[in-house]
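Chemist: curious how this folds, go ahead:
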Amino acid sequence: MSSRSGRLHVTAALAEQDAGVLLVVDAFADHGESGGVEGADSSLDLTVRAAAALAAHHLRGGDRVALRVLGRPGLSLPGGGGRRTLRRLEVALSSITPGDAEPPGVPLRLGAPAGSFVVVLSALLDDRVAAVAAATQRRGLPVLVVDCLPPTAAPVAPQGVDARVVEAAWRLRLLDRERVLSALEGAGCPTAAWRGPGSLDGVLSALGRRARAPRVRA
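Modeler: From the prediction side, this is the model:
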């Protein structure tokens, strides 16, 4: 570029100094009904779209982005940068279906290297997801939890089951979910609801300021 333009150009970020972003997608279950591209959103719809938007955002900024799919480990991808990585991430995200291929009874391990910024995208209705987010935060890595449960999500009562019982159980589960969100916030792990592009600008800016702030070390 310098030889072609006659002006000196330098790289803005070296690969070994780039921030590593790990997107953790919760594919344990899908809540709500999916209406396709133009219809209503299920939790997995929102999760996949949020992950794709965040991947594009960070890759444009020169960061390296990796993918960990909870419940579908075969779709996980190592960190990389550039358009090719974005294309691979989009293909993997478009292939996600609900599943649970994680070993039962074994605590989840994200394998996030030191210095990574971890973004957990989940409906937060599986306790394993909140547990691994809190454990990663305790390791000293910055963690952002993106709430991908649609506001209109509701279970459908199976045949022969009283709908009022299902509705009451769902309300109790949502109350427990609020407790989990409050516990994550109290542990220093910020949470934000995904409501389309731009809905995370405030919390991402705050995390950026926090990372640049001077720290006192013992």
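Chemist: contacts, neighbours, all on C-alpha from now
Modeler: Noted.
Chemist: now the strands for the chain?
Modeler: 20-26, 64-70, 77-80, 116-122, 143-147, 191-193 (DSSP state E).
Chemist: give me whichever of those is most buried.
Modeler: strand 20-26 (a mean of 26; mean count of other Cα atoms under 10 Å).
Chemist: what angle separates that one from strand 116-122?
Modeler: 20 degrees (axes from the mean of the first three to the mean of the last three Cα atoms, to 10 degrees).
Chemist: residues near G160, how many?
Modeler: Residues near G160, counting by other Cα atoms under 10 Å, number 6.
Chemist: no wait, D127
Modeler: 10.
Chemist: who's in contact with it?
Modeler: By Cα atoms under 8 Å, 6 or more residues apart in numbering, no residues touch D127.
Chemist: turn the strands of the chain into TSV, including mean pLDDT and distance to D162.
Modeler: Below are the strands of the chain laid out as TSV (pLDDT from 0 to 100; distance: least, Cα to Cα, whole Å):
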stretch	mean pLDDT	distance to D162
strand 20-26	95	29
strand 64-70	94	32
strand 77-80	92	43
strand 116-122	94	28
strand 143-147	94	29
strand 191-193	92	31
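Chemist: need these in TSV with distance to R164, can you?
Modeler: Listed next are the strands of the chain as TSV, based on distance: least, Cα to Cα, whole Å:
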stretch	distance to R164
strand 20-26	28
strand 64-70	32
strand 77-80	42
strand 116-122	26
strand 143-147	26
strand 191-193	28
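Chemist: T47 is nearest to which of these?
Modeler: Taking Cα to Cα as the criterion, T47 comes closest to strand 116-122 out of the strands of the chain, the separation being 5.8 Å.
Chemist: and that closest one, what does it pack against?
Modeler: On a contact count with 3 or more Cα pairs under 8 Å, 6 or more residues apart in numbering; DSSP states H and E, strand 116-122 meets strand 20-26, helix 43-60, strand 143-147.
Chemist: next, format those as a markdown table and append distance to R68.
Modeler: Below are those laid out as a markdown table (distance: least, Cα to Cα, whole Å):
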| stretch | distance to R68 |
| --- | --- |
| strand 20-26 | 5 |
| helix 43-60 | 11 |
| strand 143-147 | 14 |
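Chemist: how about low-confidence regions in this protein?
Modeler: 11-19, 208-218 (pLDDT under 70).
Chemist: again, only using 50
Modeler: The model of the chain has pLDDT under 50 over residues 13-18.
Chemist: can you give me the helices for it?
Modeler: 2-5, 43-60, 82-94, 127-138, 163-186, 201-212 (DSSP state H).
Chemist: of the helices and strands packed on strand 116-122, which is nearest G79?
Modeler: With Cα to Cα as the criterion, G79 lies closest to strand 20-26 of the helices and strands packed on strand 116-122, at 7.3 Å.
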